[in-house]
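A.B. asks: Predicted model and sequence follow; I will ask about them next.
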2 protein chains.
Amino acid sequence: MSNPYNAMDNKKEINIGVLGLGVVGSGTVRTLIENADIIANRLGVRLNVSKVAVRDPSKKRDISLPAGVLTSRPEDVLDNPSIDIVCELIGGVEPARSLVERAIHAGKNVVTANKEMMAKAGGDLMRLAEEKNLDFLFEGSVGGGIPVIQPLKQALAANRFEEVMGIVNGTTNYILTKMATEGAEFADVLREAQERGYAEPNPTNDVEGYDAQYKIAILASIVFNSRIDINDIFVQGITRLSRRDFEMADILGYVIKLVGIGQDSGNGLRVRVHPALLRKDHPLASVNDVYNAIYVRANPVGTVMFYGRGAGPGPTGSAVVGDIMEIARNMRRGATGRLGCTCFAQRNILPMASLQTRYFVRLTAEDRPRVLASVASVFGDFDVSIESVEQRAREEGKAEIVLLTHRTVEHNLASALDVLSRLPIVARIDNWLRVEE
Amino acid sequence: MSNPYNAMDNKKEINIGVLGLGVVGSGTVRTLIENADIIANRLGVRLNVSKVAVRDPSKKRDISLPAGVLTSRPEDVLDNPSIDIVCELIGGVEPARSLVERAIHAGKNVVTANKEMMAKAGGDLMRLAEEKNLDFLFEGSVGGGIPVIQPLKQALAANRFEEVMGIVNGTTNYILTKMATEGAEFADVLREAQERGYAEPNPTNDVEGYDAQYKIAILASIVFNSRIDINDIFVQGITRLSRRDFEMADILGYVIKLVGIGQDSGNGLRVRVHPALLRKDHPLASVNDVYNAIYVRANPVGTVMFYGRGAGPGPTGSAVVGDIMEIARNMRRGATGRLGCTCFAQRNILPMASLQTRYFVRLTAEDRPRVLASVASVFGDFDVSIESVEQRAREEGKAEIVLLTHRTVEHNLASALDVLSRLPIVARIDNWLRVEE
């Protein structure tokens, strides 16, 4: 298909249409307005906020736009021939997806920060944009303002990726940081986070790990060049963590973080989201509060990490406008669609049961002679080798046993725990968690 | 100027010429060969190592190339009409600079990892490439394999940068990490680093901060859109640091790192390289050993950090091949020269004397009554306000006084130290260092 922008070099202004003026939309529009001069100098062309479609244009907002910019009709953006770039900043799958499709069909380049839409329908939308030689960029969908998608696709493109591991949800990282530093329980920290606006009134999407699931789907699809179906991703949230898990992890030299992980095991990929123990000297271990970070291991670069604020109007606005500028550069050179979908492979996803890693197990048993020997012998029956173990009296007549295993197969560990949970001497399995290198 | 690559879409292979096969050259060639298939799949075109010019083609190397690839004549690369991209991986200013100029004049896109050439002559070379609509990329010149130049120019381009601060020299970071963790003295650690190959036999370029000076010149030029003359950069190395500085910094809650810093003070820029105290919770504080990291503060993104290995064949090869792939993408779309020099401003550099920051001072004085009062009063005379002070007896009849100042003007601090050094009760000013936020 011929490129519609061949004459762009002489165009002095590029018109931007925005769908949605919530947190991300207002951060985007504010960046375009407040940094307009430096953006124009860097690009050699001015970016003009032409139309912003919102549900209720009469709503009071703390961002002031020239008369006629706000509209309630998305078609004022989509059918506007003077608009070259459409920013979808509504969120969720519908109507976002349909609007993006319409924008692409109308020949417009698209920027989005919509992780759910990208994780669920990104492949189709990228193919559609590619057919039309249009840009479709989504840097803001993972890690807020942290440049990560562009570096993975471009600066690091010469690498064979072995692992991508990210702290990609600020709400849960804030909660886990508080639990670790204040010795607080999950429910109490969640309540405080909700009061401070760091957690939603309905926190399910964050605390159950679904938000992280969308993001690791996007990251793993990029680094492994294979579209990841979110239904193939194992997800476990943070609601079952207790302060005692953090205390014992700390004593053993670890922190606990909710991580999204994608790994290439040679014969398939492992993609998962769960809380994990990380050694205190792991680069991700010191990523605290609402900060996000994405860590990659690849050949030949070795390890690389990207760190910053993973959400909020400023960071995400930075990412969206960065994408807009990238498109503007391509438009000026007639090169939109220059960097499209990079999923050329079809990799299979391995089941969790065959995962091999180390494990942290905390259980409560009778406090009497030979209990530890009995527990250890069950692990031995399932070929689970123990690296370290601590036993202390905690409740009346009960002992807490905390152990780290050597590398073992998850199926074996689960079987051992199942047998243990039915032993009369074992009161309960308090928790068990994966340990990542 | 018209673009010579309009017909690229049908070209199945892009020929690469390489100048130099040392650490970076061999890492680059190895990456191109070992990851050839994944690179071709990601790009849609194969990259072919066509010619590699070296001083001595008969030298034994641990990388094997097809017959006819190695040559002793740079002109076999520069005058070869089938070569589209030239990688200058020789290092140093000459003959690298002249060869790059010849390559650009011959219509070739250029990739370099040469920090010294970029810091001293990058502006001229970029203008030359721009006139010819050619790409001239240099991701590997700062931070080895860490994507930083591309993200600063692209994904973060919507930001107004306030500060860029980097640990950009692996050798000195290795030495400082050892001094901190092992309580060792500089000379001993340097010797060990030389034995292990982490420091050069002549370590001046690293330990005196010149390598970091080149790199901060490149980074500051990009973020502030203003060409920085390296002669305007204040540089202080790490040779005067002692184990006692690390001990006292640690007690006060700080680490000591060699940092390159660029700051926008509104009325001018501050660009400098020196050891600095960083609070232990600063994102750069946990960057240890040979790792590098670049930290930026910008509006609206907030703080962002990039972390990874700053040198070596693998990391730098990753960066160079990433740049080659970027050029290949541009060639296929006839868009080389798409992202040229971004220095459109001319900012002035402020003198160190007017720097305002906090300071760490360690001095030795007579151990008798009223000495601290006398010392404090001299600081007071120069408007230097003291935040905290520790005094302990150390040698016979002598006391060590360690203090942190509040934010003050460097000229005032230096004047106070000058007066103090001439007081009979002060044996010596052991050291003083800047404290960064």
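C.D. replies: Received it, and whenever you're ready, just let me know what you need. What you are looking at is a predicted structure, and each value in this text was computed from that prediction instead of being measured.

A.B. asks: tell me which parts of the stretch 301-437 of chain A are close to chain B?
C.D. replies: Proximity of the stretch 301-437 of chain A to chain B (C-beta under 8 Å from any C-beta of the partner chain) is limited to residues A:301-309, A:312-315, A:317-319, A:321-326, A:329-330, A:332-335, A:338-339, A:342, A:344-345. Placement of C-beta: from N, CA and C, glycine included.

A.B. asks: Can you select the buried ones from the residues you listed in PyMOL?
C.D. replies: In PyMOL syntax, the buried subset of those is picked out as below (16 or more other C-beta atoms under 10 Å in any protein chain shown):
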select buried, chain A and resi 301+302+303+304+305+306+307+308+309+312+313+314+315+317+318+319+321+322+323+324+325+326+329+330+332+333+334+335+338+339+342
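
A.B. asks: Restricted to strands, list the residues of the stretch 301-437 of chain A next to chain B.
C.D. replies: The members of those that map onto strands under DSSP state E are A:G302, A:T303, A:V304, A:M305, A:F306, A:Y307, A:G308, A:R309.

A.B. asks: ok, A:G322 - contacts?
C.D. replies: A:E139, A:P147, A:Q150, B:Q154, B:A155, B:L156, B:A157, B:A158 (C-beta atoms under 8 Å, 6 or more residues apart in numbering or on different chains).

A.B. asks: Show me what from the stretch 151-300 of chain A comes close to chain B.
C.D. replies: A:151, A:154-160, A:225, A:283, A:286, A:298-300.

A.B. asks: Which single one of those is nearest to A:L43?
C.D. replies: A:Q154 (18.2 Å; C-beta to C-beta).

A.B. asks: So for the closest one, what's the pLDDT?
C.D. replies: Looking at A:Q154, its pLDDT reads 97.

A.B. asks: neighbours around it, how many?
C.D. replies: For A:Q154, the neighbour count with other C-beta atoms under 10 Å in any protein chain shown is 23.

A.B. asks: Am I right that it is in contact with B:I324?
C.D. replies: No: counting by C-beta atoms under 8 Å, A:Q154 does not reach B:I324; the two are 11.4 Å apart.

A.B. asks: Distance check, A:F360 against A:G253.
C.D. replies: The gap separating A:F360 from A:G253 is 11 Å, by C-beta to C-beta, to the nearest Å.

A.B. asks: A:L125 looks like it's in a strand, true?
C.D. replies: No: checked against DSSP: H, G, I helix; E, B strand; the rest coil, A:L125 lies outside a strand; its state is helix.

A.B. asks: what residue is smack in the middle of chain A?
C.D. replies: A:K215 (3.2 Å; C-alpha atoms, centre = their mean).

A.B. asks: A:F360 and A:G253 - which one has more neighbours?
C.D. replies: Remark: of A:F360 and A:G253, A:F360 carries more neighbours, 21 against 12, as counted by other C-beta under 10 Å.

A.B. asks: what about that one, which SS state?
C.D. replies: Classified using three-state DSSP, A:F360 is strand.

A.B. asks: Give me the contact list for the helix or strand containing A:I429.
C.D. replies: Of the helices and strands defined by DSSP states H and E, A:I429 is found in strand A:426-436. Identification of contacts with strand A:426-436 by C-beta under 8 Å, 6+ apart yields A:165, A:240-242, A:244-245, A:254, A:256, A:259, A:261, A:274-278, A:282, A:355, A:357-366, A:375, A:398, A:400, A:404, A:413, A:417, A:420-421.

A.B. asks: cool, stretch A:189-201 as well?
C.D. replies: Contacts for stretch A:189-201 (C-beta under 8 Å, 6+ apart): A:G170, A:T171, A:Y174, A:I175, A:K178, A:M179, A:E182, A:P203, A:D206, A:V207, A:V290.

A.B. asks: Local confidence estimate at A:V93?
C.D. replies: Predicted confidence (pLDDT) for A:V93: 97.

A.B. asks: Can you get me a residue count around it?
C.D. replies: Count around A:V93 with other C-beta under 10 Å applied: 14.

A.B. asks: ok, it to A:R434 distance?
C.D. replies: For A:V93, the distance to A:R434 - C-beta to C-beta - is 30 Å.

A.B. asks: Identify the bridge partners of the residue lying closest to A:Y210 once chain neighbours are set aside.
C.D. replies: Counting by C-beta to C-beta, 6 or more residues apart in numbering or on different chains, A:V235 is the residue found nearest to A:Y210 once chain neighbours are left out, at 6.7 Å. Beta-bridge partners of A:V235, counted by DSSP bridges, are A:V273.

A.B. asks: Quick check: A:V235 touching A:H274?
C.D. replies: Yes: using C-beta under 8 Å as the test, A:V235 is close enough to A:H274 to be in contact (7.3 Å).

A.B. asks: the more surrounded of those two?
C.D. replies: A:H274 (19 against 16).

A.B. asks: Can you identify each of the helices in chain A by residue range?
C.D. replies: Ranges of helices in chain A, per DSSP state H, are A:23-34, A:36-43, A:75-78, A:96-105, A:115-131, A:149-153, A:170-182, A:186-195, A:204-207, A:210-223, A:243-252, A:313-332, A:371-381, A:410-421.

A.B. asks: For the strand holding A:I429, give the mean pLDDT please.
C.D. replies: 97.

A.B. asks: how far is it from where the chain is centred?
C.D. replies: 26 Å (C-alpha atoms, centre = their mean, to the nearest Å).

A.B. asks: what pLDDT does the residue in chain A sticking out farthest from the centre get?
C.D. replies: Distance to the chain centre peaks in chain A at A:P369, reaching 46.7 Å (criterion: C-alpha atoms, centre = their mean). Looking at A:P369, its pLDDT reads 87.

A.B. asks: And A:G340, by the same measure?
C.D. replies: 86.

A.B. asks: and it, what does it touch?
C.D. replies: Here A:G340 is in contact with A:M126, A:A129, A:E130, A:F136 (criterion: C-beta under 8 Å, 6+ apart).

A.B. asks: Select, from those residues, the two members most distant in space.
C.D. replies: It's A:E130 and A:F136 that sit farthest apart of the contacts of A:G340, by C-beta to C-beta, at 7.9 Å.

A.B. asks: quick one: the closest residue to chain B within the stretch 1-150 of chain A from A:K108, how far?
C.D. replies: Residue nearest to chain B within the stretch 1-150 of chain A: A:P147 (3.4 Å; C-beta to the nearest C-beta). Taking C-beta to C-beta as the measure, A:P147 falls 24 Å from A:K108.

A.B. asks: Which of the two has more residues huddled nearby?
C.D. replies: Higher neighbour count among A:P147 and A:K108: A:P147, with 28 against 24, using other C-beta under 10 Å.

A.B. asks: So for A:E130 and A:F136, which sits in the more crowded spot?
C.D. replies: For the pair A:E130 and A:F136, the greater number of neighbours falls to A:F136 (29 against 17), based on other C-beta under 10 Å.

A.B. asks: ok, back up a step: could you turn the buried ones of the contacts of strand A:426-436 into a ChimeraX selection?
C.D. replies: Filtering these down to the buried ones (16+ other C-beta under 10 Å) takes a single ChimeraX command:
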select /A:165,241,244,245,254,256,259,261,274,275,276,277,278,282,355,357,358,359,360,361,362,363,364,365,366,375,400,404,413,417,420
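
A.B. asks: before we move on, the earlier item: including distance to B:K120, could the helices of chain A go into TSV?
C.D. replies: Compiled in TSV, the helices of chain A are given as follows (distance: least, C-beta to C-beta, whole Å):
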stretch	distance to B:K120
helix A:23-34	34
helix A:36-43	24
helix A:75-78	48
helix A:96-105	46
helix A:115-131	42
helix A:149-153	27
helix A:170-182	42
helix A:186-195	51
helix A:204-207	50
helix A:210-223	36
helix A:243-252	49
helix A:313-332	28
helix A:371-381	63
helix A:410-421	55
